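Peer 1: This is the structure alone, sequence omitted:
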């Protein structure tokens, strides 16, 4: 009886994992979220990180360290506490549907974030490759997935971070689909 109630309760919600994002999330992505990719605080943080000239071996080494580290170490906290990380946190707190926000450089390495991610290097994932598009930039919207950490149905919307017309990085925003009006 309890299982039936839970299943029926879920079916009355926005949807199940694996479905396409609802239109209200698509509309949000193409307006408010695309604008984040041109926000001066975010653009400057990405430009600064790109200027460091890290190579892929350095990024992958940090990725291994990141994935092997339990909890939130100082090097992770630094990305939450930098100016861009604090700015992202204020954005996250401004709307109930923001679950997580993280910014990536031109190789998919993290620049700033609101919450610890499972890995440091996003460069081999669609959230980066489809939104960065080798500098061309595009909006990428994942399918709906259940997020264990937030206990919510989430869509990841990724948009390019742009300096003028050129994508210089990407930003991913986790959206609680049940909270978008």
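Peer 2: Thanks, I have the structure now. This is a predicted model, so every value here is computed, not measured.
Peer 1: now the helices: where do they sit in this protein?
Peer 2: Under the criterion DSSP state H, the chain contains helices at 2-11, 23-28, 34-36, 40-51, 56-68, 74-81, 83-93, 126-132.
Peer 1: TSV please, covering those and showing mean pLDDT and mean neighbour count.
Peer 2: For glycine as for every other residue, the C-beta is placed from the backbone atoms N, C-alpha and C. Shown next, in TSV, are those (pLDDT from 0 to 100; neighbours: other CB atoms under 10 Å):
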stretch	mean pLDDT	mean neighbour count
helix 2-11	37	9
helix 23-28	94	16
helix 34-36	95	15
helix 40-51	98	18
helix 56-68	96	14
helix 74-81	96	14
helix 83-93	97	18
helix 126-132	95	21
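Peer 1: Of all the ones you listed, which one comes closest to residue 168?
Peer 2: helix 40-51 (5.3 Å; CB to CB).
Peer 1: on that earlier part again, okay, the helices of the chain in TSV with distance to residue 178 next?
Peer 2: Converted to TSV, those look like this (distance: least, CB to CB, whole Å):
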stretch	distance to residue 178
helix 2-11	11
helix 23-28	11
helix 34-36	21
helix 40-51	26
helix 56-68	30
helix 74-81	25
helix 83-93	17
helix 126-132	21
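Peer 1: Quick one: closest of those to residue 108.
Peer 2: Set against residue 108 and scored by CB to CB, those come closest in helix 126-132, at 4.0 Å.
Peer 1: next one: that closest one to chain centre, how far?
Peer 2: Taking CA atoms, centre = their mean, to the nearest Å, one finds helix 126-132 lying 11 Å from the centre of the chain it belongs to.
Peer 1: Equivalent analysis for stretch 174-181, please.
Peer 2: 14 Å.
Peer 1: What are the contacting residues of it?
Peer 2: 13-15, 21-22, 24-25, 28, 95-101, 144, 147, 150, 152-157 (CB atoms under 8 Å, 6 or more residues apart in numbering).
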